Structures are given as structure tokens and as C-alpha cells.
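Asker: generate a structure from the sequence data that follows.
(one chain, ligands or ions: 1)
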Amino acid sequence: MKTLTLEKILSNYKVYLTDPEINELEKMKLTSPNLSAESLKLALFGEEWNFMTADKYNPWSQDYINRINRKRKAFGISPVDNNCFSRDNSSDLFCKEVVLETKRQKADLDQKRKNKKHIVFVDMDNVLVNFQSGIDRISEEDKEKYEGDLDDVPGIFSLMDPIEGAIDAYEWLNENFDTYILSTAPWDNPSAWQDKLHWVKKHLPDSAYKRLILSHNKHLAKGDFLIDDRTANGAGEFHGKHVHFANKEAGYPGWKEVIDYMKTFA
Ligand SMILES: [Mg+2]
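Answerer: Numbers count the residues shown, from 1 in each chain. Coordinates of the predicted model:
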């Protein structure tokens with residue numbers, strides 16, 4: 001006897017079933033939490049009631065009996081005799097097992113869905129990192145030399161402090177979501193790529209290990225939320241929800257409002 005789910009019967013065993021049998025099973029699929037072995041048996045092995053109407057003057061055709069038994073063999077249960085009489089309870093056991101297996105798989109799927117956390121990406125500059133604190137620490141000479149392109153000052157990203165509340169916020173996000181850091185490092189400032197890694201190691205908890213993504217194409221990151229203060233580098237085209245950080249009009253002026261919003265999904 002095989003152990004199957006309702007889903008599996010409908011996807012792999014249709015060839016053994018009649019259209020009315022398929023229709024009944026399709027209906028049951030829609031109400032699978034209420035699936036019972038009795039109703040399944042009635043839909044799938046209705047032939048077992050046929051012996052009551054057959055006699056030697058009015059027998060079931062051999063073609064009919066053969067079709068019925070091909071189906072029963074496919075499910076691994078015993079055949080009926082020429083009067084459509086079933087000699088054992090293998091169809092009962094089969095139906096009970098299908099109901100149990102269908103419910104087991106549904107429960108497993110529900111549990112997996114429940115355990116799956118939303119994916120959250122968090123930008124660095126002006127979201128986790130106080131960019132201005134780095135500017136405040138560079139020399140006047142560098143400020144003049146890199147005027148208009150201050151993010152190209154070598155080493156500037158190593159000088160920055162966290163934004164107030166950002167580390168606690170990150171830790172909370174990390175506990176409640178599948179959280180990554182998604183930032184862009186300036187193309188013309190190679191030290192920024194290294195400094196961002198150092199910054200994450202220095203300021204964020206160990207759970208940030210290998211969760212830093214540096215990209216100019218944030219729209220390619222597959223996830224549910226992106227917390228970012230800008231729309232540049234693909235952030236505006238992100239496929240999930242762009243939580244527009246430091247944007248009062250969007251309703252997220254700071255970390256408090258962002259966390260309040262994210263609590264709905266935790
Ligand atoms: Mg930013």
C-alpha cells in the first residue's frame with residue numbers, strides 16, 4: 001500500500017481515475033483541513049458499494065472490473081472480485097493514511113512558513129553610519145582637495161560614528177528578521193570598500209558576520225524590506241518595500257519610527 005497525499009494522487013494518478021472521481025478529489029483539495037477518510041473512500045473507491053446492485057443476471061462488465069482493479073493496483077490495495085466486492089479493508093487503511101499524510105504535510109508547510117523570517121536590508125551611510133562625523137574628522141586640506149566628492153577622501157569611512165540608536169535598532173532587526181547590510185562604496189575610493197568592512201566588524205554584533213553586501217545595484221537584492229535614506233544605486237527600484245529612512249513625508253524620520261513600523265512584520 002502506498003502512502004500518498006491528496007495532492008500527489010491528483011498530480012500523479014489521474015490516468016487511473018474517472019472525471020467524476022477527479023472532480024470530487026479536486027473539491028476535497030479545497031477543503032483539505034476537513035478531509036476525512038470516509039469521504040475520501042466514497043470519492044475514490046465508490047465501486048465498493050456496487051456489489052449490492054450486481055447479481056448473476058446483471059453482472060458488472062469485465063472492462064469495468066479491469067479498470068477498477070488497475071486503479072486499485074496503482075494505489076497498492078487489493079482488487080475487487082467480479083461482483084465488485086472487496087474482501088479486505090485495504091482501501092480503508094489507504095484512505096486513512098492519505099488523510100494523515102495530507103494533514104502532516106500541511107502542518108509541516110505551515111510550520112515552515114511560520115519559521116521563515118522576512119529578509120531585511122539595511123543601508124549604511126546616514127542610516128547606520130553618521131556620515132557627517134567622518135567629514136568632521138578629515139583635514140581642512142582634504143576638505144578643499146575633495147570638495148564636492150568628500151566620499152572619495154581615502155580613509156574617511158573608517159572615521160565615522162554610528163547614528164544614534166542605529167546599533168540597537170540593527171540588533172533588534174537582526175533578532176526578528178533575516179537581516180543584511182546593503183551599502184554602496186564609492187567606485188573611485190578603494191579604501192572605502194575596506195573601511196566599510198572594518199566599520200561593520202567594529203560596530204555591529206558578531207551576527208553581522210558575512211552579512212555585508214556592497215553593491216551599486218540594490219534593486220537586484222532579493223528581499224522584503226530595504227531601509228535606505230536614498231533612492232540611488234537601485235534603492236528606488238527595490239522589489240520589496242523601500243522604507244525611506246530619514247524621510248518625514250514617508251513617515252520614517254528616524255529609527256524609532258522605522259522600528260515601530262517593522263514591529264508589524266516581526
Ligand atoms: Mg545611505
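
Asker: who in this protein is up against the ion?
Answerer: Listed as neighbours of the ion in the chain under the rule C-beta under 5 Å from the ion: 123, 125-126, 229. For every residue, glycine as well, the C-beta is placed using N, CA and C.

Asker: can you tell me which of those is nearest K210?
Answerer: Each of those was checked against K210 using C-beta to C-beta; the closest is D123, at 18.0 Å.

Asker: okay, now the closest one: neighbour count?
Answerer: With neighbours defined by other C-beta atoms under 10 Å, the count for D123 comes to 22.

Asker: excluding sequence neighbours, find me the nearest residue to it.
Answerer: The shortest distance from D123 to any residue other than its chain neighbours is 4.0 Å, reached at D228 (C-beta to C-beta, 6 or more residues apart in numbering).

Asker: and the one you found, what does it touch?
Answerer: With contacts defined as C-beta atoms under 8 Å, 6 or more residues apart in numbering, D228 is in contact with 121, 123, 127, 182, 218, 235, 238, 242-245.

Asker: now do the helices in the stretch 151-266 of the chain.
Answerer: Here the stretch 151-266 of the chain has its helices, by DSSP state H, counting those that start in this stretch, at 166-176, 190-203, 255-262.

Asker: who's in contact with the shortest one?
Answerer: With contacts defined as C-beta under 8 Å, 6+ apart, helix 255-262 is touched by 120, 163-166, 168-169, 172-173, 176-177, 225, 227, 243, 245, 251-252.

Asker: of the residues you listed, buried ones?
Answerer: For these, a neighbour count by 16 or more other C-beta atoms under 10 Å gives the buried set as 120, 163, 166, 169, 172-173, 176-177, 225, 227, 243, 245, 252.

Asker: switch the helices of the stretch 151-266 of the chain over to JSON lines; also include mean pLDDT.
Answerer: Listed next are the helices of the stretch 151-266 of the chain as JSON lines, based on pLDDT from 0 to 100:
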{"stretch": "helix 166-176", "mean pLDDT": "96"}
{"stretch": "helix 190-203", "mean pLDDT": "95"}
{"stretch": "helix 255-262", "mean pLDDT": "95"}
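
Asker: which one, of these, ends up nearest to W60?
Answerer: Checking the helices of the stretch 151-266 of the chain against W60 by C-beta to C-beta gives helix 166-176 as the closest, at 62.4 Å.

Asker: who are the packing partners of that closest one?
Answerer: Taking 3 or more C-beta pairs under 8 Å, 6 or more residues apart in numbering; DSSP states H and E as contact, the helices and strands that helix 166-176 lies on are strand 119-122, helix 255-262.

Asker: by contact count, what packs against the worst-scoring helix or strand of the chain on mean pLDDT?
Answerer: When the helices and strands of the chain are compared on mean pLDDT, DSSP states H and E, helix 90-115 comes out lowest with a mean of 86. Contact partners of helix 90-115 among helices and strands, from 3+ C-beta pairs under 8 Å, 6+ apart: helix 6-12, helix 37-44.

Asker: W187: which of those is closest?
Answerer: Comparing these by their distance to W187 (C-beta to C-beta), the top pick is helix 6-12, with 50.1 Å.

Asker: re earlier: what angle do the least confident helix or strand of the chain and helix 37-44 make?
Answerer: Orientation of helix 90-115 against helix 37-44 (axes from the mean of the first three to the mean of the last three C-alpha atoms, to 10 degrees) gives an angle of 110 degrees.

Asker: for helix 90-115, which positions count as buried?
Answerer: Residues of helix 90-115 classed as buried by neighbour count (16+ other C-beta under 10 Å): 90-92, 94-99, 101-102, 106.

Asker: then stretch 219-231?
Answerer: Of the residues in stretch 219-231, those with enough neighbours to count as buried (16+ other C-beta under 10 Å) are 221, 223-230.

Asker: closest one of those residues to C84?
Answerer: Nearest to C84 among these: D224, at 54.9 Å, using C-beta to C-beta.

Asker: got phi/psi on the closest one?
Answerer: Main-chain torsions, D224, degrees, to the nearest 10: phi -100, psi -40.

Asker: hmm, it is touching V120, no?
Answerer: Yes - with contacts defined as C-beta atoms under 8 Å, D224 counts as touching V120 at a distance of 6.7 Å.

Asker: tell me the residue of the stretch 51-200 of the chain that sits nearest the ion?
Answerer: Here the stretch 51-200 of the chain gets closest to the ion at one residue, D125, 3.8 Å apart by C-beta to the ion.
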